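In: model the structure of this input:
(4 chains)
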Protein chains: 2
Amino acid sequence: MTSGLRERKKLATRVALHQAALQLVAERGLDGVSVDDIAARADVSPRTFFNYFPTKDDAVLGLDPADSALAAERFAARPAEEDPVTALRAVQAEQSAAMAGEPQGVWPLRLRVVDEHPVLLARLHAAFGGSERALADAVAARTGTRVGVDAYPTLLAAVAGAAMRTALHRWLAADFTVPLPRLVDEAWDVLAAGLPAPRR
Amino acid sequence: MTSGLRERKKLATRVALHQAALQLVAERGLDGVSVDDIAARADVSPRTFFNYFPTKDDAVLGLDPADSALAAERFAARPAEEDPVTALRAVQAEQSAAMAGEPQGVWPLRLRVVDEHPVLLARLHAAFGGSERALADAVAARTGTRVGVDAYPTLLAAVAGAAMRTALHRWLAADFTVPLPRLVDEAWDVLAAGLPAPRR
DNA sequence: CGCAATCTTGCACGGACTGCACTCTTGGGC
DNA sequence: GCCCAAGAGTGCAGTCCGTGCAAGATTGCG
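Out: Prediction:
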């Protein structure tokens, strides 16, 4: 699983850099923290920082680049006879549970920090965008449609992103007192019903 | 309407900077163009550039900051008895027609450039995000729901963004040979139906 | 015509990020 | 255990982005 010492060390510094970046920015704000600060707290040279993250912002978010393919893979792994929406709901149920269950409450902290820095929000959305593109391909494969030609795959992928972002937004607004998977589920209920106006 | 000479000149340089940025980046790529280059082509000093745009990326996109409130305003202006989805469809019909009708084909060029530079895509999505937040407030006001508490307003706003982005994506993919408003409309048809799997 | 507000510009600076070259560590063959 | 090749960490120098400040030019208005 975790192969050599080399791999483990590399992962460790990556995590250390992310933690340092996230915590420092939470304390001092994005502009109050320099790359040098982050590198110092993680005990590496400033130059090394850029061997791990291409950008200060990326270090703060600390997203695993492999994550962008994850949703698409899990979607593709669902039983073939399943409705696309049903399959997607299942995938996001898993994912949201995983996010909520991460140790140290990384996601809550991430979301708080992101909420205060529009730039990071843009970066996060860009990451979602990567997932969505991969997901659109998977949806196209499953439904026999074509990305770019038919509306369905791109739209469904984008809507999935919308569902997740909405859920995250409400999760933050509720100060993380509500289970994230439930919020995701509620979003899909509204979507599957065709977005009817709520009765007042 | 257009008041003094001052105002007109200011707008002119703003447009000049945007055009210069967009065209240069289309020619040489984002990294092949510096702020100095852009300022030079627009005939202003490099320092002045930053009086108009906070960022090189923003100059390339050249979005009017007032646009972020536009969708919400038009939505609020729709007849009160209208279904939220219906109202939103009408707003996006107007907007997409306006975008497609802009002189010089600015939007096609923008989209081509954005397509080649993920960073710009992130910035563009951030701009959409601004619109969506304002829109969510408007939806909340209309439906008597609360942003952050209820799913509906944030979700509907996010879905509207998804519809528009999907339409823009297909517009680009079709090399702008299909009318944008039709693509927007198709997206909403699928959404209003609850995202049923397309029959193969 | 002349003053006040506003724009433009140059200067200097800090921070992000990159290419290059050098050193140090790790992993594997012997 | 020894050695060497690959990979990782580091320092240095340099480019470009973006900002505060203060001086110079332009416009609007009385």
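In: going forward, measure contacts and count neighbours with C-alpha atoms only.
Out: Fine.
In: center of chain A, which residue is that?
Out: Centrality entry for chain A: nearest residue to the mean C-alpha point is A:F128, 6.0 Å, by C-alpha atoms, centre = their mean.
In: what does the pLDDT read for it?
Out: At A:F128, the model reports a pLDDT of 95.
In: next one: A:R8
Out: 87.
In: hmm, the lengthiest helix in chain A in reach of chain B?
Out: Longest helix in chain A, counting residues (DSSP state H): helix A:118-143. Yes: residues of helix A:118-143 contacting chain B under C-alpha under 8 Å from any C-alpha of the partner chain: A:118, A:121-123, A:125-126, A:143.
In: one more: stretch A:172-182?
Out: Yes: applying C-alpha under 8 Å from any C-alpha, one finds that stretch A:172-182 is in contact with chain B at A:173-174.
In: go through the worst-scoring helix or strand of chain A on mean pLDDT and flag the buried ones.
Out: Within chain A, no helix or strand scores below helix A:5-28, which has a mean of 93 by mean pLDDT, DSSP states H and E. Within helix A:5-28, the residues scored as buried using 16 or more other C-alpha atoms under 10 Å in any protein chain shown are A:13-26.
In: closest one of these to DNA strand D?
Out: A:T13 (6.5 Å; C-alpha to the nearest atom of the strand).
In: list the single closest residue to that closest one in space, sequence neighbours excluded.
Out: A:A42 (7.1 Å; C-alpha to C-alpha, 6 or more residues apart in numbering or on different chains).
In: thought the one you found was touching A:L22?
Out: No: assessed by C-alpha atoms under 8 Å, A:A42 is found out of contact with A:L22, at 11.6 Å.
In: how near is A:G32 to A:A21?
Out: As defined by C-alpha to C-alpha, to the nearest Å, A:G32 lies at a distance of 11 Å from A:A21.
In: then A:E132?
Out: Taking C-alpha to C-alpha, one finds A:E132 at 26 Å from A:A21.
In: from the middle of its chain, how far away would the least confident helix or strand of chain A be?
Out: 18 Å (C-alpha atoms, centre = their mean, to the nearest Å).
In: CA atoms only for the next helix or strand after that helix, dumped as CSV, please.
Out: Using DSSP states H and E, the next helix or strand after helix A:5-28 towards the C-terminus is helix A:35-41. The C-alpha coordinates for helix A:35-41 follow below in CSV (Å, rounded to 0.1, in the frame of the first residue of the first chain):
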residue,chain,number,x,y,z
VAL,A,35,4.9,31.4,0.7
ASP,A,36,8.0,31.7,2.8
ASP,A,37,5.8,31.7,6.0
ILE,A,38,4.2,28.5,4.9
ALA,A,39,7.4,26.8,3.9
ALA,A,40,8.9,27.8,7.2
ARG,A,41,6.1,26.3,9.3
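In: which stretches of chain A have low pLDDT?
Out: A:1-3 (pLDDT under 70).
In: and it, which residues reach DNA strand D?
Out: Residues of chain A found near DNA strand D (C-alpha under 7 Å from any atom of the strand) are A:6-7, A:10, A:13, A:43-48, A:51.
In: just give me the closest of these to A:P198.
Out: A:T13 (48.4 Å; C-alpha to C-alpha).
In: pretty sure the closest one is touching A:R41, no?
Out: No: taking C-alpha under 8 Å as the definition, A:T13 is not a contact partner of A:R41, at 10.9 Å.
In: what parts of chain A come near DNA strand C?
Out: Checking chain A against DNA strand C by C-alpha under 7 Å from any atom of the strand, the hits are A:4-7, A:33-36, A:47, A:50, A:54-57.
In: give me the buried entries from those.
Out: A:33, A:35, A:56-57.
In: what does the closest residue to A:L17 other than its chain neighbours show for phi and psi?
Out: Counting by C-alpha to C-alpha, 6+ apart, A:A42 is the residue found nearest to A:L17 once chain neighbours are left out, at 5.4 Å. Per-residue torsions, A:A42: phi -90, psi 0 (degrees, to the nearest 10).
In: got it, and A:D150?
Out: phi -90, psi 150.
In: for chain B, see how far away it is.
Out: According to C-alpha to the nearest C-alpha, to the nearest Å, A:D150 stands 8 Å off from chain B.
In: then A:R47?
Out: A:R47 is 21 Å from chain B, by C-alpha to the nearest C-alpha.
In: what comes into contact with the helix or strand in which that residue is found?
Out: A:R47 belongs to helix A:46-52 when elements are defined using DSSP H and E. With contacts defined as C-alpha atoms under 8 Å, 6 or more residues apart in numbering or on different chains, helix A:46-52 is touched by A:14, A:17, A:35-36, A:39-40.
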